[in-house]
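Participant: I would like to see how this sequence folds:
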Amino acid sequence: MTRNGNEWRRGGRSAWALLIGLLAGIGCLSLAQSAHKPSDEIAILYSERAGLPITDTIQSALSQALLAGGVERDDLFVEYLDLARSRDDQQRNEFIALLKHKFANRQFGLIIAVHRRAYEFLATQGQDLFPSTPLIAWAGSVGEPTRVNRSGLRIQESLSPRPTIDLALRLFPHTRHLLIVTGVDDPLFPYLQELKGNLGILPSRLTVEYTDHKNFQQTLVRVAELPKDSVVIFGAYWRDADGQSITPIEAAQQVAAKASVPTFAITWDGDVNQGFLGGYVVDYLATARVIATAATEHMSGKRPLSSPVTVLPAVGQFVFDWRQMQRWGIDSSALPAGSRILNRPEPSWQRDHSTMALIIGLVLAIGLLWSVRHSRASRQSAGQSPADDSSAAMVGIDRVRQHADQLATTNRQLLQLSFVDELTGLANRRRLDDLLAQECQRANRTGQPLSLIMIDVDHFKAFNDTYGHLAGDDCLKTLAEIFSSLVQRPADLASRFGGEEFLLILPETPFHGAIEIVHALHAAIAKCAIPHLSSPTAPQITCSSGVLTSQAPPIRQPRELLAEVDRQLYRSKTEGRNRYTALNLSATALDHAHISQ
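Facilitator: Model prediction:
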């Protein structure tokens with residue numbers, strides 16, 4: 001009995017030793033795995049400033065895809081480097097020092113660099129900025145980028161205009177002249193040089209002209225005077241021959257507005273929506289999702305990043321604008337397979353909610369009548385009175401009418417909501433575009449003035465960073481109430497243009513009337529005194545505004561007016577913010593007014 005007890009105790013000690021060893025092994029394995037698991041924090045570096053359509057489109061798509069992939073919002077650290085406008089090496093070195101100080105206590109598991117300048121920034125001045133952190137870079141389209149000493153992944157765009165040119169010549173076989181609209185080459189990124197190298201052999205009947213030697217106004221003049229057998233190909237445009245900067249989206253809008261010949265885009269899909277017929281372009285949303293997928297797979301340990309970096313192509317496809325297709329008589333059957341068509345109208349039965357309600361009501365009524373007849377036959381066979389059938393039928397028909405009325409009411413409410421911005425309660429971009437088109441057409445017909453006021457909240461990103469996004473939402477709601485109070489007439493409209501930008505549409509409002517409204521607007525914002533201690537402009541919320549008044553003749557288009565009022569807003573922002581800049585297109589001499597609040 002004693003011997004068996006000793007053996008049991010020795011066996012128990014062996015079992016405990018085995019269990020402890022197993023647990024220690026599991027712990028070591030877990031430590032080893034955690035040592036190889038990257039930090040959950042991701043730094044996203046954008047080449048340009050916030051507020052540009054390209055930057056905002058990518059930022060929104062990339063953030064949403066990362067969050068959907070399981071990344072926590074608090075683990076995303078976004079920096080807008082604005083490298084196109086800051087070219088001084090000393091300034092960039094100081095910026096590196098600032099980033100090192102700002103993120104001194106962070107251990108990023110991944111850096112995402114969006115576009116070529118951010119990539120080159122890390123490869124040159126930023127070599128020792130988190131040097132061991134892997135990199136996923138959207139490196140643009142031009143040439144072979146500088147090599148980085150990091151593991152990672154690089155998304156490369158293919159700069160080849162040939163698919164678009166070949167399609168343009170097929171759709172418009174009588175084309176004899178090709179105008180390729182670009183700005184001047186950047187010494188770091190010889191875009192035009194590479195584009196010319198990718199043209200290949202073109203038909204001998206075709207003459208090719210470039211605009212890099214012209215300033216932007218000369219380019220617009222040339223676009224407007226092109227002969228009918230011409231086609232315009234729009235490339236990248238940041239700076240003209242005189243050194244003047246212009247945002248690509250603004251350049252695209254104005255080129256498309258001036259052209260009386262077919263226009264095509266060869267850079268990104270957002271250009272197509274500015275008035276171009278179409279083109280083979282980079283699908284920015286799809287490419288952003290590719291980057292987000294690679295990032296989330298890396299952060300979860302499913303996708304190790306290699307050194308040297310792996311190169312993947314950006315997502316490209318043919319994209320076309322339905323409105324321009326109608327203008328030029330292009331049928332969808334003539335387009336390449338898999339083409340994406342923007343702005344295609346919904347069938348009327350989908351667009352008209354009341355029609356849908358009527359159709360559904362009729363279907364229900366037919367079904368009910370069939371049911372009544374069926375039940376009548378059943379009751380007659382059972383010996384019941386026909387009066388019971390009539391009562392049942394009337395009750396059923398009343399119910400059908402009630403359901404149809406409820407459905408029509410619901411659809412009217414949905415239709416109304418589809419024109420309202422959910423956060424601010426103002427008109428949304430869809431309603432804005434519809435009304436502006438109507439009022440522009442009416443102003444062209446009647447010769448009455450049409451005024452626009454575009455408003456941007458100064459340093460709103462800094463406000464969100466300081467006070468939080470909920471406070472930012474409350475701020476926008478308060479400003480929306482101010483804007484709503486300023487549009488008193490039924491035809492006036494206050495709308496949210498996008499983000500922290502708003503637009504007031506003021507039909508039949510002359511220049512002096514618009515100036516009075518913008519004065520009242522800035523006074524009301526100042527009176528609210530919403531604190532903004534992180535603003536370099538003022539210790540409270542301020543806004544910059546652009547004012548535009550137009551009166552036919554000449555006839556103006558909505559896109560033209562939006563581009564012009566946006567230009568006035570841009571001037572207010574570059575000249576110090578918290579002010580407005582106004583332009584009166586209806587005056588014999590251009591009338592500018594600058595007011596500092």
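Participant: so what's the gap between the helix or strand where A113 lies and the chain middle?
Facilitator: Secondary structure from DSSP states H and E places A113 in strand 110-114. For strand 110-114, the separation from the chain centroid amounts to 19 Å (computed by Cα atoms, centre = their mean, to the nearest Å).
Participant: how close does the closest residue to D229 other than its chain neighbours get to W328?
Facilitator: In space, and not counting its chain neighbours, D229 is closest to R176: 4.3 Å by Cβ to Cβ, 6 or more residues apart in numbering. (Each C-beta comes from the backbone N, C-alpha and C, glycine too.) Relative to W328, R176 is positioned 17 Å away (Cβ to Cβ, to the nearest Å).
Participant: and A123, by the same measure?
Facilitator: A123 is 43 Å from W328, by Cβ to Cβ.
Participant: so the residue nearest to D229 touches L206, yeah?
Facilitator: Yes - contact criterion Cβ atoms under 8 Å: R176 and L206 qualify, at 6.5 Å.
Participant: what angle do the strand or helix carrying Q59 and strand 110-114 make?
Facilitator: Counting by DSSP H and E, the secondary-structure element that holds Q59 is helix 53-68. With axes from the mean of the first three to the mean of the last three Cα atoms, to 10 degrees defining the directions, helix 53-68 sits at 150 degrees from strand 110-114.
Participant: now the strands for the stretch 101-250 of the chain?
Facilitator: Remark: strands assigned in the stretch 101-250 of the chain by DSSP state E, counting those that start in this stretch are 110-114, 135-138, 152-156, 177-181, 207-210, 230-234.
Participant: adding mean pLDDT and distance to I482, write those strands out as JSON lines.
Facilitator: Formatted as JSON lines, the strands of the stretch 101-250 of the chain follow (pLDDT from 0 to 100; distance: least, Cβ to Cβ, whole Å):
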{"stretch": "strand 110-114", "mean pLDDT": "92", "distance to I482": "34"}
{"stretch": "strand 135-138", "mean pLDDT": "90", "distance to I482": "39"}
{"stretch": "strand 152-156", "mean pLDDT": "87", "distance to I482": "43"}
{"stretch": "strand 177-181", "mean pLDDT": "96", "distance to I482": "40"}
{"stretch": "strand 207-210", "mean pLDDT": "95", "distance to I482": "47"}
{"stretch": "strand 230-234", "mean pLDDT": "96", "distance to I482": "38"}
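Participant: and of those, who's closest to N428?
Facilitator: Closest approach to N428 among these (Cβ to Cβ): strand 110-114, 27.1 Å.
Participant: helices or strands up against that closest one?
Facilitator: In terms of contacts (3 or more Cβ pairs under 8 Å, 6 or more residues apart in numbering; DSSP states H and E), strand 110-114 is packed against strand 42-46, helix 53-68, helix 116-123, strand 135-138, helix 284-299.
Participant: one step back: number of nearby residues for the residue nearest to D229?
Facilitator: Around R176 there are 13 other residues, counting by other Cβ atoms under 10 Å.
Participant: pLDDT at it, what is it?
Facilitator: As summarised for this prediction, R176 has a pLDDT of 96.
Participant: relative to G498, how far out is it?
Facilitator: Applying Cβ to Cβ, the value for R176 to G498 is 40 Å.
Participant: let me see the contact set for the residue nearest to D229.
Facilitator: Applying Cβ atoms under 8 Å, 6 or more residues apart in numbering to R176 gives the contacts 205-207, 227, 229-230.
Participant: neighbours of K258, how many?
Facilitator: Neighbour count for K258, taken as other Cβ under 10 Å: 19.
Participant: any idea how far it is from A123?
Facilitator: K258 is 39 Å from A123, by Cβ to Cβ.
Participant: enumerate every residue touching I165.
Facilitator: Neighbours of I165 in contact, by Cβ under 8 Å, 6+ apart: 178, 199, 202, 233, 264.
Participant: domain-wise, how is the protein divided?
Facilitator: If you go by automatic domain parsing, the domain ranges for the chain are 42-156, 162-342, 349-417, 429-596.
Participant: average pLDDT for the third one?
Facilitator: It stands for domain 349-417. The average pLDDT for domain 349-417 rounds to 55.
Participant: related to what we said a few turns ago, rank the domains of the chain by pLDDT, which is bottom?
Facilitator: Of all the domains of the chain, the minimum mean pLDDT falls on domain 349-417 (a mean of 55).
Participant: give me the element V518 is part of.
Facilitator: If you go by DSSP H and E, V518 is part of helix 511-528.
Participant: off-centre distance for that helix?
Facilitator: 29 Å.
Participant: try stretch 296-315
Facilitator: The answer for stretch 296-315 is 25 Å, by Cα atoms, centre = their mean.
Participant: repeat that for stretch 230-242.
Facilitator: The mean C-alpha position of stretch 230-242 is separated from the chain mean by 22 Å, Cα atoms, centre = their mean.
Participant: could you do stretch 554-571 as well?
Facilitator: Distance, centroid of stretch 554-571 to centroid of chain: 20 Å (Cα atoms, centre = their mean).
Participant: cool, and stretch 261-281?
Facilitator: Using Cα atoms, centre = their mean, the offset of stretch 261-281 from its chain centre is 16 Å.
Participant: how about it: buried residues?
Facilitator: Using 16 or more other Cβ atoms under 10 Å as the test for burial, stretch 261-281 gives 261-281.
Participant: one more: stretch 451-466?
Facilitator: 451-461, 463-464.
Participant: now render the residues you listed as a markdown table, adding secondary structure.
Facilitator: Formatted as a markdown table, the buried residues of stretch 451-466 follow (DSSP: H, G, I helix; E, B strand; the rest coil):
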| residue | secondary structure |
| --- | --- |
| S451 | strand |
| L452 | strand |
| I453 | strand |
| M454 | strand |
| I455 | strand |
| D456 | strand |
| V457 | strand |
| D458 | coil |
| H459 | coil |
| F460 | helix |
| K461 | helix |
| F463 | helix |
| N464 | helix |
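Participant: for those, which one is nearest E508?
Facilitator: Using Cβ to Cβ, S451 is the member of those that lies nearest E508, at 8.7 Å.
Participant: that closest one touches S545, doesn't it?
Facilitator: No - in this structure S451 lies outside contact range of S545 using Cβ under 8 Å: 12.0 Å.
Participant: for the nearest residue to P449 once chain neighbours are set aside, grab the count of nearby residues.
Facilitator: Nearest residue to P449, sequence neighbours excluded (Cβ to Cβ, 6+ apart): Q551, at 4.4 Å. When neighbours are defined as other Cβ under 10 Å, Q551 has 20 of them.
Participant: on that earlier part again, now, the most widely separated pair of the buried residues of stretch 451-466?
Facilitator: Greatest spatial distance among the buried residues of stretch 451-466 (Cβ to Cβ): S451 and N464, at 30.5 Å.
Participant: can you tell which of the domains of the chain is closest to L423?
Facilitator: Ranking these by their distance to L423 (criterion: Cβ to Cβ) puts domain 429-596 first, at 6.0 Å.
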